[in-house]
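>>> Predicted structure and sequence below. I'll ask about it afterward.
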Amino acid sequence: MITCEEFLAEFGDYLENQVSPEVRKELELHLSQCHACRVLCDSSRKTIKIVTESSSFELPGSVSDPIIDRVMAKLRTDRS
Ligand SMILES: [Zn+2]
């Protein structure tokens, strides 16, 4: 199984469906067995949903996760 570090390295691309089917399988296997990464993935998806459904990119004040920051930065880049 891949490590959390390897998971996080691909996580941003995974959220944006930019990974190959093989990598996706590895990541989903990790998600199914790692509670920490599953929580992170769920919260990131929720954050992205909130952000993409609202007209602004303002994050809720409580969100300060570096991974989410990275994902949000990518989203901002893609939108501009
Ligand atoms: Zn993990």
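Sure, I can see it. As the structure is a computational prediction, the values presented were derived from the model and not from experiment. Residues are numbered from 1 along each chain as shown.
>>> drop to CA atoms for contacts and neighbour counts, all remaining ones
Will do.
>>> do stretch 8-26 and the ion meet?
No - interface with the ion: stretch 8-26 contributes nothing (C-alpha under 5 Å from the ion), its closest point being 7.8 Å away.
>>> tell me which residues of the helix ranked longest in the chain are tucked away?
Among the segments of the chain that qualify as a helix by DSSP state H, the longest is helix 35-53. Neighbour-count burial for helix 35-53, with 16 or more other C-alpha atoms under 10 Å as criterion, is recorded at 37, 40-41, 44, 47-48, 50-51.
>>> C-terminal to that helix, what's the next element?
Using DSSP states H and E, the helix or strand that follows helix 35-53 in sequence is helix 66-79.
>>> who touches that following helix?
With contact meaning C-alpha atoms under 8 Å, 6 or more residues apart in numbering, helix 66-79 is reached by 8, 12, 44, 47-48, 57.
>>> TSV for the buried residues of helix 35-53, including distance to Asn17?
Output for these, formatted as TSV (distance: C-alpha to C-alpha, whole Å):
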residue	distance to Asn17
Cys37	17
Leu40	17
Cys41	13
Ser44	14
Thr47	16
Ile48	13
Ile50	18
Val51	18
